[in-house]
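Trainee: Show me the folded form of this:
(one chain, ligands or ions: 2)
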Amino acid sequence: RPTAEPFVPATTDLGELRAAAAGCRGCHLYEDATQTVFGEGPARARVIMVGEQPGDQEDRRGEPFVGPAGKLLDRALGEAGIDRSLVYVTNTVKHFKFKQAGPGKRRIHATPDRVEITACRPWLVAEFAAVRPTAVVVLGATAAKALFGASFRITRSRGEVLPWPASAQNPAEFAPTEGFAVATIHPSAVLRADDREQAFDGLVADLKVVAEQL
Ligand code: URA
Ligand code: SF4
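Mentor: Residues are numbered from 1 along each chain as shown. Ligands and ions are numbered 1, 2, ... in the order given. Below is the predicted model of the structure:
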């Protein structure tokens, strides 16, 4: 079973975790991607935001949410009154998964599957243990799968104050902390929506729920 586990050092130092993640070969996704894109933000952030996986630009630059979805997320955070520099931003899967349209062609995002999500989860668990945030913002279905399981539905539960994520096997997996979670749509889903403005306003409304609790 593919897993990052043997690559994750027993430390809560984010710098050490990041350095180790650069060499992760826990699943096959490292083979075609440029680099590991680890989370980024203050070591003592109160809020952790969990996306899906790095996109094309994140893969090239080595930073999460710096492409079109990241710009939209910045704007939504601004409107909700949350300063991105106070947020630790990361992804469920740390390597870019893509399909190549043809030789030298555009790299097209491919959704990570359950095996890859499970393989990469030890990094997410380690980030939670290091940052010990009080709020987790779940951006889209992939992050929801990793944190709340396969039966969670964003459309049904978005914008609600939810209990801290805990797996049945290990309730303290995502760090033993008081806190809450809010799920919302992924910023990329806003970019794909028929009515972008309405989708954006919905994302902002959900982020405001987070801001009100802080
Ligand atoms: N989408 C994500 O989920 N994460 C990123 O870092 C960029 C786009
Ligand atoms: Fe390791 Fe995650 Fe990259 Fe797979 S996607 S190689 S588990 S960092």
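Trainee: So for stretch 125-136, first residue to last residue, what's the gap.
Mentor: Start and end residues of stretch 125-136 are separated by 12 Å (CA to CA, to the nearest Å).
Trainee: and the protein, which of its residues are near ligand 1?
Mentor: Contact residues, the chain versus ligand 1 (CB under 6 Å from any ligand atom): 51-55, 58, 64-65, 67, 69-70, 91, 188. All C-beta spots, glycine's among them, are computed from the backbone N, C-alpha and C.
Trainee: if I pick the residue nearest to residue 141 when sequence neighbours are not counted, what's in contact with it?
Mentor: Leaving out its chain neighbours, the residue that sits closest to residue 141 by CB to CB, 6 or more residues apart in numbering is residue 154, at 5.9 Å. Listed by CB atoms under 8 Å, 6 or more residues apart in numbering, the contact partners of residue 154 are 138, 140-141, 144, 183-185.
Trainee: who wins for most neighbours among those?
Mentor: residue 138 (29 neighbours; other CB atoms under 10 Å).
Trainee: Contact partners for that residue?
Mentor: 50, 144, 147-148, 154, 181-184.
Trainee: mind putting the contacts of residue 154 in JSON lines, secondary structure included?
Mentor: Compiled in JSON lines, those are given as follows (DSSP: H, G, I helix; E, B strand; the rest coil):
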{"residue": "138", "secondary structure": "strand"}
{"residue": "140", "secondary structure": "coil"}
{"residue": "141", "secondary structure": "helix"}
{"residue": "144", "secondary structure": "helix"}
{"residue": "183", "secondary structure": "strand"}
{"residue": "184", "secondary structure": "strand"}
{"residue": "185", "secondary structure": "coil"}
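Trainee: Show me which of the residues you listed is closest to ligand 1.
Mentor: residue 140 (6.8 Å; CB to the nearest ligand atom).
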